[in-house]
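# Sequence and predicted structure below; questions after.
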Amino acid sequence: MKGMRLVHSILIAAFALTCLADTPKGPDSSVATVHGKLIQRPDQKPALETADHKLIVVEGDGSTEHVLHDKRLTGVELEVKGHFTAPDHFTADPFHTRALHVLKDGKRLAVTYWCDVCSIRTYEPGPCWCCQRETALDLRESGKE
Ligand SMILES: [Zn+2]
């Protein structure tokens with residue numbers, strides 16, 4: 001009997017640990033990271049499709065959402081830092097903390113935009129603030145930003 005009870009306790013402990021690792025709860029939970037394929041849907045918030053095919057809706061500040069809506073990023077693997085507000089809703093950290101990265105060929109790349117004409121780098125899609133030409137998406141390795 002005693003042995004059974006011990007096994008039971010170990011199982012409960014193991015289960016509790018698994019829960020802690022997988023399901024951050026509420027806005028108070030510490031910083032989390034989600035990985036997944038960026039899904040852009042008409043009239044809906046962008047979402048990440050995780051490796052186990054769950055859709056997690058990603059929200060953020062204006063600049064973050066601007067990047068998440070960039071058509072050139074459709075289908076890329078994204079890593080987003082922030083926190084879960086619900087099991088399928090994630091809020092990205094403020095844009096200036098560089099919460100978004102693209103994962104490509106085993107590398108972690110920063111999302112930047114480059115104007116060839118003016119050699120100006122920006123971090124949001126849109127026209128160059130200097131010459132008004134559309135900037136090019138330029139994914140850069142972290143540390144070389
Ligand atoms: Zn320019």
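Received the coordinates, thanks.
# what about the residue lying closest to residue 102 once chain neighbours are set aside, how many neighbours?
In space, and not counting its chain neighbours, residue 102 is closest to residue 109: 4.5 Å by C-beta to C-beta, 6 or more residues apart in numbering. For the C-beta atoms, the positions are set from N, CA and C on the backbone; glycine is no exception. Per other C-beta atoms under 10 Å, the neighbour tally for residue 109 reads 21.
# helix, strand or coil for the residue most central in space within the chain?
The residue lying closest to the centre of the chain (C-alpha atoms, centre = their mean) is residue 80, at 1.9 Å. Following DSSP: H, G, I helix; E, B strand; the rest coil, the label given to residue 80 is strand.
# Next, the contact list for it, please.
33, 34, 48, 58, 60, 90, 92, 99, 100, 101 (C-beta atoms under 8 Å, 6 or more residues apart in numbering).
# which bits of the protein sit near the ion?
Listed as neighbours of the ion in the chain under the rule C-beta under 5 Å from the ion: 115, 117, 118, 128, 130, 131.
# Closest one of those to residue 44?
Taking C-beta to C-beta as the measure, residue 44 lies nearest residue 128 of those, at 29.5 Å.
# before we move on, the earlier item: can I get the buried part of the contacts of residue 80 as one PyMOL selection?
A single PyMOL command is used to select the members of the contacts of residue 80 judged buried by 16 or more other C-beta atoms under 10 Å:
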select buried, resi 34+48+58+60+90+92+99+100+101
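# In terms of distance to the ion, which of the contacts of residue 80 ranks first?
Checking the contacts of residue 80 against the ion with C-beta to the ion, the nearest one is residue 100 at 22.7 Å.
# pretty sure the closest one is touching residue 66, no?
No - if you go by C-beta atoms under 8 Å, residue 100 and residue 66 don't touch, sitting 10.7 Å apart.
# all helices for this protein, in order.
All helices of the chain, identified by DSSP state H, fall at 2-22, 62-68.
# Packing partners of the shortest one?
It refers to helix 62-68. Counting contacts by 3 or more C-beta pairs under 8 Å, 6 or more residues apart in numbering; DSSP states H and E, helix 62-68 packs against strand 100-104.
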